[in-house]
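J.: Provide a 3D model corresponding to the input given below.
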Amino acid sequence: MDFEQIKKAAEGYRADMTRFLRDMISHPSESCEEKEVVACIKAEMEKLGYDKVEVDGLGNVIGWMGEGDKIIAIDSHIDTVGIGNINNWTHDPYEGYEDDEVIYGRGGSDQEGGMASAVYGAKIMKDLGLIPAGYKIMVVGSVQEEDCDGMCWQYIVNKFFPANGIKKEQVEFVISTEPTDGGIYRGHRGRMEIRVDVKGVSCHGSAPERGDNAIYKMADILQEVRALNENDDADATEIKGLVKMLNPKYNPEHYEDARFLGRGTCTTSQIFYTSPSRCAVADSCSISIDRRMTAGETWDSCLQEIRDLPSVKKYGDDVKVSMYMYDRPSWTGEVYETEAYFPTWINKESAAHVQALVDAHHALFGDKRLGYTDADVKRDAMHLREGRPLTDKWTFSTNGVAIQGRYGIPCVGFGPGAESQAHAPNEITWKDDLVRCAALYAAVPGLYKEENKTDDVTQFRAGKTNNDIK
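T.: Below you'll find the model as predicted:
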C-alpha cells in the first residue's frame, strides 16, 4: 500500500471537503429536521460516483462503494444540537466562515466534519483501488443521534438490513467519525434516562397536615440520588457510591474495564410537579435522572439501585421508578420507538479492527496524536492532544451504544474535531483533521486482518451489559 499516495490524494481533496462541510453547515439540521442536509449529502455522493446512494425509511442517507458481501461501515451522525443563545456566537452559526486552518459553524466538529471525511475517504478508496476483494464500503449519514443515540442504527439493523437482504453479521466493523481529538477510541461509558414518580394527596395550603406532600417525599429521594453519586464505597456507608464499580469487591469481572472507561455517575436533570394551585399541597412530583454507566452496570441494575434507596423503599407504592421511552417522528415521519437505554461498549486495544486503525495511523502519521498549533487557545488543537495516548476513549456517548452495545458489531472511533467543541458556541473544526481522517479511512480496509478477529470483540463484549433489550 502506497501511504504517500493516499496522503497526497486526501490533500488533493482538502478544498472539496472544506466546501462540502460548509455546505452541510449551511443547512440547519437539528434532530428530526435533517431533510435538507440529507439531500446535500446524497447529491455529493452521487457527484463523486458512489456505486449506490439511498435514503432509508428513517431518513438515514447511505452510500455504497464496492461489490463484496462483507461490509466495512463508516458512520457519521448528521444532526446537530441547536445554537442556544445566539448572543454567545461571534458569527452566524450556519453561514460560518473559514480561514486557512479552521472552519466555523454549528456541526463542524459534532459532527458533519466526520461526514465530509468519510464521503471523501471512500472516494479515495475507489480512486486508488483500496477496497479489498469481497468487501464493500457503507458510508452512513445517520439521523437523530443527538436526540436518541444509536436509534438510527437500531432502525438500520432491524428494518433496513432485513428489507435489503443484509445480515448484521456481514458487517465486519464500523468506524465512528465522532470527534476524537486526534486519537483512536475503543469504547465509552453507556447511559440511560431514568424517571422517578412520587404520588401525594393535595389539600388546602392553610392546613397542610390534611394532605401528603409529594415534593417533600421527593426531597428525601433527591438527597439520596445525590449521595449515590457522591458517596464512597466503604463498608460503613449505607448508600454506597457509584465509585464502587471501580472496586473488584463489587465488580469482580469488569472493574478493569470500568477503571479505563471511568466510573458511572448520576445527576438529577429535571423536576416536575402537579398541584391544584399555589395555595395547595403538591399531589405529585417527578424527576429525570441522567445516569452514566460503566462496565459491569446494566439497565436493570441501575433501576434497582434507585428502587433500593431508603426513601424509595420508605414511600413504597407511592414511588415508581422507570426508564424513559423515545418515540419522536423522524424527518420522514417514521417512528421507531425504543428505550432510552444506551449500553456501555469497549474493545481490547489488540482487537483486529482497532489495530487496523492503529496500523494505519502509524503508517501514515506516526504514533502520536497530531493537530494544528496556534498561539490562540481557541484555535489551537494540540493543547487537547499533546501527551495523551493515541488509543483512548470518549467521554460522551455515540452511536456505538447500538452498533456494538446492542448488536455486537465491532466499533471503533477516529474523527475530526474536538469533543470540547461539541454543543458549544463558536464551534470550529480543523481542515488538517479532515484531510488526515479521510486518508486514514482510505487506508484501513487494506490493513484489517480478519483472521485476527475474535468472538471476544463482538458478542462477549456486547454481553457485558447483560443487554436483553432487543
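
J.: can you count the residues close to residue 377?
T.: 8 (other CB atoms under 10 Å). To be clear about C-beta, it is placed using only N, CA and C from the backbone, and glycine gets the same treatment.

J.: ok, now which ones touch it?
T.: residue 383 (CB atoms under 8 Å, 6 or more residues apart in numbering).

J.: any low-confidence regions in this protein?
T.: Applying pLDDT under 70 to the chain picks out residues 456-470.

J.: just give me the residue right at the centre of it.
T.: residue 398 (1.0 Å; CA atoms, centre = their mean).

J.: so who does residue 135 touch?
T.: Residues in contact with residue 135 (CB under 8 Å, 6+ apart) are 66, 68, 70, 71, 72, 172, 445.

J.: go again with 7 Å.
T.: 66, 68, 70, 72, 445 (CB atoms under 7 Å, 6 or more residues apart in numbering).

J.: out of those residues, grab the one that's most surrounded.
T.: Of the contacts of residue 135, with other CB under 10 Å as the count, residue 72 tops at 27 neighbours.

J.: tell me which stretches of this protein form helices.
T.: Ranges of helices in the chain, per DSSP state H, are 3-12, 14-25, 35-47, 113-128, 151-155, 161-163, 214-230, 255-261, 299-307, 310-315, 352-365, 400-403, 431-447, 459-463.

J.: out of these, flag the one nearest residue 337.
T.: Closest to residue 337 of the helices of the chain is helix 151-155 (CB to CB; 9.2 Å).

J.: how far does that closest one sit from the chain's center?
T.: Chain-centre distance of helix 151-155: 12 Å, with CA atoms, centre = their mean, to the nearest Å.

J.: ok, stretch 142-153 next?
T.: On CA atoms, centre = their mean, the centre of stretch 142-153 falls 8 Å from that of its chain.

J.: do the same with stretch 231-244
T.: Using CA atoms, centre = their mean, the offset of stretch 231-244 from its chain centre is 29 Å.

J.: buried ones in it?
T.: 231, 239, 240, 241, 242, 243, 244 (16 or more other CB atoms under 10 Å).

J.: looking at those residues, which is nearest residue 140?
T.: residue 242 (33.4 Å).

J.: hmm, the closest one is touching residue 228, no?
T.: Yes - using CB atoms under 7 Å, residue 242 is in contact with residue 228, at 6.2 Å.

J.: name the residues contacting each of those two.
T.: residue 266.

J.: can you lay out the helices of the chain as TSV showing distance to residue 284?
T.: Below are the helices of the chain laid out as TSV (distance: least, CB to CB, whole Å):
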stretch	distance to residue 284
helix 3-12	57
helix 14-25	43
helix 35-47	38
helix 113-128	43
helix 151-155	29
helix 161-163	42
helix 214-230	5
helix 255-261	36
helix 299-307	17
helix 310-315	12
helix 352-365	48
helix 400-403	31
helix 431-447	49
helix 459-463	38
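
J.: which of these is buried the deepest?
T.: helix 400-403 (a mean of 30; mean count of other CB atoms under 10 Å).

J.: against which helices or strands is that helix packed?
T.: helix 151-155 (3 or more CB pairs under 7 Å, 6 or more residues apart in numbering; DSSP states H and E).

J.: give me the contacts around the helix it packs on.
T.: Taking CB under 7 Å, 6+ apart as the rule, helix 151-155 contacts 56, 58, 60, 142-145, 326, 336, 338, 399, 402-403, 406.

J.: CA atoms of that helix as CSV?
T.: Output in CSV follows, covering the C-alpha atoms of helix 151-155 (Å, rounded to 0.1, in the frame of the first residue of the first chain):
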residue,chain,number,x,y,z
MET,A,151,-31.6,4.6,17.5
CYS,A,152,-30.7,5.2,13.8
TRP,A,153,-28.6,2.0,13.8
GLN,A,154,-31.4,0.1,15.5
TYR,A,155,-33.5,1.0,12.5
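
J.: between the contacts of residue 135, which is nearest residue 37?
T.: Residue 37 lies nearest to residue 72 out of the contacts of residue 135, by CB to CB, at 23.7 Å.

J.: is it true that the closest one touches residue 170?
T.: No - applying CB under 7 Å, one finds residue 72 not in contact with residue 170, separated by 10.2 Å.

J.: neighbours of residue 99, how many?
T.: Neighbours of residue 99 (other CB under 10 Å): 10.

J.: scratch that, residue 270
T.: Neighbours of residue 270 under the rule other CB under 10 Å: 11.

J.: residue 324 too?
T.: Residue 324 - counted by other CB under 10 Å - has 14 other residues nearby.

J.: contacting residues for it?
T.: 193, 195, 340.

J.: kindly report the same for residue 1.
T.: 443, 446.

J.: let's see 8 Å
T.: Residue 1 sits in contact with 130, 363, 443, 446, 447, where contact means CB under 8 Å, 6+ apart.

J.: likewise for residue 106?
T.: 25, 28, 80, 81, 83, 93, 94, 96, 427.

J.: widest-spaced pair of the residues you listed?
T.: 81 and 96 (15.5 Å).

J.: more neighbours, these two?
T.: Set residue 81 next to residue 96 and count neighbours by other CB under 10 Å: residue 96 wins out with 21 against 16.

J.: I'd say the more buried one and residue 108 touch.
T.: Yes - here residue 96 reaches residue 108: they are 7.4 Å apart, a contact under CB atoms under 8 Å.

J.: find residues that contact each of the two.
T.: residue 25.
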